[in-house]
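S.K.: this is a predicted model, with the sequence first.
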Amino acid sequence: MHSVAILVLDRVVPFDMAAPMQVFDWTRLPDGRRPYRVRLCAETPEVSADGGLTLRVDRGLEALADADTVIVPGRAEDAPPLSPAVLAALRRAAEAGTRIASVCVGAFVLAEAGLLDGLRATTHWVAAEKLASSFPLVEVQPDVLYVDNGQILTSAGAAAALDMCLHMIRRDLGSVVAANAARMSVMPLEREGGQAQFIVHEHPPVPRGSDLEPLLDWIEDNLAHEVTLAAMAARAGMSERTFSRRFREQTGTTPLQWLLRARIRRAQYLLENSDHTVERIGRQAGFGSPTAFRERFRKVVGTTPYAYRSAFHGRRTAPATGS
């Protein structure tokens with residue numbers, strides 16, 4: 001039987017812990033036997049969880065030494081610093097060849113232990129920039145569901161952790177057992193780790209009070225039409241070179257990059273809140289052809305317009321400025 005140890009740290013996020021517990025505990029072999037034994041372990045017998053809960057844990061850090069897989073859930077932002085004992089236990093497990101995986105911001109724990117140095121890793125996209133800046137030796141990939149480096153795995157949010165766990169089950173026991181575990185978890189088996197997280201791109205930054213603000217509002221109102229760099233510069237009363245420099249200084253990006261983000265954001269809003277065809281939405285967002293729309297949408301968002309609509313259609317959102 002494969003032993004799975006879930007490391008419960010102070011201020012753990014309960015759902016991050018429950019997701020892998022569920023999928024491994026519900027896995028069955030064709031003859032009905034359980035292939036995994038799931039155990040909770042912690043440095044202390046009682047651990048506080050996010051939301052005011054207190055968890056009692058039977059096993060200590062010694063459980064990491066005899067586990068085949070160690071899962072590290074995420075912790076709340078106000079969690080206390082990790083103890084040297086926890087970091088040392090994780091390093092010993094890694095040195096022994098134990099498979100170690102993180103859920104969401106649990107990647108910060110692995111990074112602090114030095115287990116992600118020189119490796120690709122992911123976490124929830126909201127925390128990806130902080131992970132990259134805090135641990136420069138880690139190659140952070142913010143737009144995937146999970147990353148499998150062989151021994152060390154990291155996942156994005158808790159839902160992506162289910163994808164990662166199903167991936168590990170498929171590695172261990174094959175697709176038939178993994179497919180059954182997916183059905184028990186009411187999850188699709190076919191999502192791959194490289195599939196992008198569905199990042200909702202915020203409205204392009206508008207420097208409030210700047211002399212460019214009226215121009216940016218005009219761009220938003222004219223996304224369905226051709227908007228060129230020359231037209232933007234002329235409306236701002238500057239040469240293209242001066243305009244491009246001023247624009248980057250005030251927005252942190254180039255005019256054409258800002259325009260692309262505005263078009264993508266408009267398309268996201270329409271895919272979520274309208275029944276227009278994808279081709280019509282591409283035109284409304286200002287893309288020259290359906291092919292250009294699909295290619296650029298996939299490059300920026302990480303999935304196709306059709307898949308994005310399937311995931312988010314009907315969600316209530318605030319309309320983009322100028323829509």
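M.R.: That came through, no problem. Numbering: from 1, shown residues only.

S.K.: which parts of this structure are strands?
M.R.: For the chain, the strands defined by DSSP state E cover 2-7, 36-41, 46-49, 53-56, 69-72, 99-102, 120-121, 139-140, 146-148, 152-155.

S.K.: out of those, deepest packed?
M.R.: Using mean count of other CB atoms under 10 Å, the stretch among the strands of the chain with the largest mean neighbour count is strand 152-155, at a mean of 29. All C-beta spots, glycine's among them, are computed from the backbone N, C-alpha and C.

S.K.: how long is stretch 10-17 end to end?
M.R.: Using CA to CA, to the nearest Å, the end-to-end distance of stretch 10-17 comes out at 12 Å.

S.K.: if we ignore the residues flanking it in sequence, what's nearest S239?
M.R.: Ranked by CB to CB, 6 or more residues apart in numbering and with sequence neighbours excluded, the top spatial neighbour of S239 is A233, at 6.4 Å.

S.K.: repeat that for L223.
M.R.: L223's closest residue in space is G286 (CB to CB, 6+ apart), at 4.5 Å.

S.K.: the residue nearest to S239: how many residues sit nearby?
M.R.: 20 (other CB atoms under 10 Å).

S.K.: same question for L212.
M.R.: 21.

S.K.: can you tell me how far the closest residue to it other than its chain neighbours is from A292?
M.R.: If the residues on either side of it in the chain are set aside, L212 comes closest to Q250, at 5.5 Å by CB to CB, 6+ apart. For Q250, the distance to A292 equals 28 Å [CB to CB, to the nearest Å].

S.K.: those two: which is more packed in?
M.R.: Shown here are Q250 and A292; by other CB under 10 Å, Q250 has more neighbours (16 against 12).

S.K.: is it true that that one touches L216?
M.R.: No: using CB atoms under 8 Å, Q250 makes no contact with L216, being 9.6 Å away.

S.K.: which strands and helices lie in contact with the longest helix along the chain?
M.R.: The residue-count maximum for a helix in the chain (DSSP state H) belongs to helix 255-273. Contacting helix 255-273 under the criterion 3 or more CB pairs under 8 Å, 6 or more residues apart in numbering; DSSP states H and E are the following elements: helix 213-221, helix 229-236, helix 240-251, helix 278-284, helix 290-301, helix 305-312.
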